[in-house]
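model the structure of this input:
(one chain, ligands or ions: 1)
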Amino acid sequence: MTPQAVREWVREARRIVVLTGAGMSAESGVPTFRDAQSGLWANFRPEELATEQAFRAHPSMVWEWYALRREMIAKVAPNAGHLAIAAFQQRHPGRLAVVTQNVDGLHQRAGSPGVLALHGNIADDRWLDAPRACCDAQAPEAGTPPRCATCGNLRRPAVVWFGEMLPAAELEAAGEAAARCELMLVVGTSGLVYPAAGLARSTRGRVVIVNPGATDLDDAADALLAGTAAALLPLLLDEERNP
Ligand code: APR
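A predicted model of the protein is given here:
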């Protein structure tokens, strides 16, 4: 299948879902999860750091890992892929929904309305345990999470960790969008993490995978486009562009 053929599917589809993962932001300079990690974190897998258990056992270490990611994300910008999606949504209000596993907020910064962020947003934090009347975050020492001076409750990143439930409203809206769409573009995800990956399996619409590598969802695809998000999405979504 060629990008030109998929452009035709985009033209025909009244409802489109773009389901994105870490590869969507790779060309903005955000490393993906399952890339080899560098430096200090080379020996950790995301499944080991991104859990409540890990945070309770090593709060400063996990907080610091997120602090570094937050700093890095604050410095990067949406890429041509994010911008092509947002521009399509502006030209065709209500026709394309973005469902993302990314916590970097780059779709929102590109101008996409109503992004369904299934795994939360790294810029936010919240209490680890249900807050009590005393809970008031104290300014942290560098490299440690803010804590309540009275009860010790900690602030934690407001992202969904392994083993945690996804936000119910977002998940339900994403399920409905997936069920109704005529075309789903699955961009930059390894397709290994559920329930997000399940959206691509549950849709009755056409499924197009945009990824430079193989994914776990390839068997569910009507078309595989081998290439990057920033190169292919403008080609697929910008009607003005010469194919
Ligand atoms: N354009 C498109 N895809 C790319 C690009 C690119 N420029 N660069 C890499 N990719 C692809 C890789 O080939 C891989 O298939 O992006 C995918 C990234 O996969 P993961 O790192 O596994 O990211 P993701 O699928 O988003 O992970 C899912 O797992 O760690 C948890 O909660 C975290 O949301 C995350 C979830």
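
ok, and for the top helix by length along the chain, which residues are buried?
In the chain, assigned by DSSP state H, the helix with the most residues is helix 59-75. Going by neighbour count (16 or more other CB atoms under 10 Å), the buried part of helix 59-75 is 59, 61-67, 69-70, 73. Heads up, the C-betas are built off the backbone N, CA and C, glycines and all.

burial measure for the nearest residue to Arg126 once chain neighbours are set aside, as a count.
Spatially, and ignoring its direct neighbours in sequence, Arg126 is nearest to Ala158 (4.7 Å; CB to CB, 6 or more residues apart in numbering). For Ala158, the count of nearby residues is 16 (other CB atoms under 10 Å).

quick one: Ala158 is in a strand?
Yes: under DSSP: H, G, I helix; E, B strand; the rest coil, Ala158 sits within a strand.

and it, what is it in contact with?
120-122, 124-126 (CB atoms under 8 Å, 6 or more residues apart in numbering).

Leu116 too?
Neighbours of Leu116 in contact, by CB under 8 Å, 6+ apart: 97-100, 170, 173-174, 177.

next: Glu64.
Counted by CB under 8 Å, 6+ apart, Glu64 has contacts Gly143.

so how far is the ligand from it?
Separation of Glu64 from the ligand (CB to the nearest ligand atom, to the nearest Å) stands at 18 Å.

the contacts of Ala158 in helices, which ones?
Filtering those for helices - DSSP H - leaves nothing at all.

list buried residues within the residues you listed.
Restricting those to buried positions leaves 120-122, 125, with burial counted as 16+ other CB under 10 Å.

identify, from the residues you listed, the entry nearest to the ligand.
Gly120 (9.0 Å; CB to the nearest ligand atom).

what parts of the protein come near the ligand?
Proximity of the chain to the ligand (CB under 6 Å from any ligand atom) is limited to residues 21-23, 26-27, 32-34, 46, 101, 119, 187-190, 192-193, 211-213, 215, 228-229.

how far does the lengthiest strand in the chain sit from its chain's centre?
Counting residues, the longest strand in the chain under DSSP state E turns out to be strand 120-127. Here the centre of strand 120-127 is set off from its chain's centre by 14 Å, with CA atoms, centre = their mean, to the nearest Å.
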